[in-house]
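**Student:** predicted model follows, preceded by the sequence.
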Amino acid sequence: MLRNAVLLAPMSGVTDLPFRRLAYRLGAGLVVTEMVASEDLVKGRPDVLRRAEGHDLSPYVVQLSGREARWMAHGAQMAADHGADIIDINMGCPAKQVTRGQSGSALMRDLNHAVELIEAAVGAVSVPVTLKMRMGWDHQSLNAPELAGRAEGAGVQMITVHGRTRCQFFKGQADWDFIASVKAAVSVPVIANGDLNDLSDLPGMLRASNADGVMIGRGAYGKPWFPGQAAAFLATGEDPGAPPLARQREIALQHYELTLAHYGLEHGVRTARKHLGWYVAGTIDSPSEQRQWRRQLCQQSDPNRVRKDLANMFDQQMEKATR
């Protein structure tokens, strides 16, 4: 049972453990690990093991990808043995390095094989298994409703649909209406994903998709509070607004510290830069000022200097707001 119907999407290179911890503390109903290659997880590749961490989150959800049933089964079992409460299967990633290996959304081109992988994972664990997919490989093969029905038959307990095909990548507009056809094909909960960047779009997304909940991806860049903000809007009908700048400052600095602690200083400083850039974009309107602060924050190697500059950036914006 989820605490609310607004989920944080798994995003490679973004939703690492520091980001997920923050998003969950700030109200997201569910957070999911970055995509974890099942074979690499079983073989103990260090960076993949780190990607799969999340034992302090409840429920703890590990998203697996793969192309061979044996590795999907072993990976699911390993994740469950290490405390995962839910196993999510990735059949939606459009990245070429993933689809070239016949994983991610490439599996939507061969539903028989996709179902074999689902059955392998479901059969290997006693915890719930969920599935994330796209509408299909392209607009000539919009087979998400069929895959959803077969996945439910294989034991999947929740399905998330990104309203684009693989060949669209992230271009164009997500088709929320199409998600309703997936919802009509199954009795398990269906989650709508794609292009929820503004809370004003949330009621329309739910109406069009008839979904049981929503999953926020890129809309949470630099805004780990956004899923919680959306959940509060669903619960009350009123937008609580983004946190005040003073609270955003606190969150950004906390995010930086969590990142350094998770990766170590050298790797952490580099990894944090993308997030710092998103905090800049969300805080400062002027493009020239954004460029200046990105350079200042993202070209530094001294974490103490970054901490000071990050705090100063928010302090300056708060001072402007009081004039």
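**Tutor:** Structure received.

**Student:** from here on, just use CA atoms for contacts and neighbour counts.
**Tutor:** Will do.

**Student:** what is the rounded mean pLDDT of stretch 155-173?
**Tutor:** For stretch 155-173, mean pLDDT is 97.

**Student:** before we move on, what about stretch 201-211?
**Tutor:** 97.

**Student:** ok, residues contacting that stretch?
**Tutor:** 176-180, 183, 189-192, 196, 212-214, 230 (C-alpha atoms under 8 Å, 6 or more residues apart in numbering).

**Student:** can you give me the buried ones in it?
**Tutor:** Buried residues in stretch 201-211, counted by 16 or more other C-alpha atoms under 10 Å: 202, 205-206, 209-211.

**Student:** now do the strands in the protein.
**Tutor:** Along the chain, counting by DSSP state E, strands occupy 6-8, 30-31, 36-37, 61-65, 86-91, 129-134, 159-162, 190-193, 213-216.

**Student:** who touches residue 258 in this structure?
**Tutor:** By C-alpha under 8 Å, 6+ apart, the contact list for residue 258 reads residue 18.

**Student:** quick one, grab the pLDDT at residue 101.
**Tutor:** Listed pLDDT for residue 101 reads 87.

**Student:** go on, the one 10 residues further on?
**Tutor:** Note on residue 111: pLDDT of 97.

**Student:** excluding chain neighbours, what is closest to it?
**Tutor:** Once flanking residues are discounted, residue 111 sits nearest to residue 147: 6.5 Å by C-alpha to C-alpha, 6 or more residues apart in numbering.

**Student:** can you report how many residues lie near that neighbour?
**Tutor:** Residue 147 has 23 neighbouring residues, counting by other C-alpha atoms under 10 Å.

**Student:** for the one 10 residues further on, same thing?
**Tutor:** By other C-alpha under 10 Å, the residues close to residue 157 number 19.

**Student:** against residue 84, how distant is it?
**Tutor:** Distance, residue 157 to residue 84, using C-alpha to C-alpha, to the nearest Å: 15 Å.

**Student:** repeat that for residue 50.
**Tutor:** Distance of residue 50 to residue 84, computed by C-alpha to C-alpha: 14 Å.

**Student:** so between these two, which is more surrounded?
**Tutor:** More crowded of residue 50 and residue 84, by other C-alpha under 10 Å: residue 84, with 24 against 17.

**Student:** residues contacting the nearest residue in space to that one that is not next to it in sequence?
**Tutor:** Nearest residue to residue 84, sequence neighbours excluded (C-alpha to C-alpha, 6+ apart): residue 60, at 5.1 Å. Residues near residue 60 by C-alpha under 8 Å, 6+ apart: 31-32, 54, 83-86.
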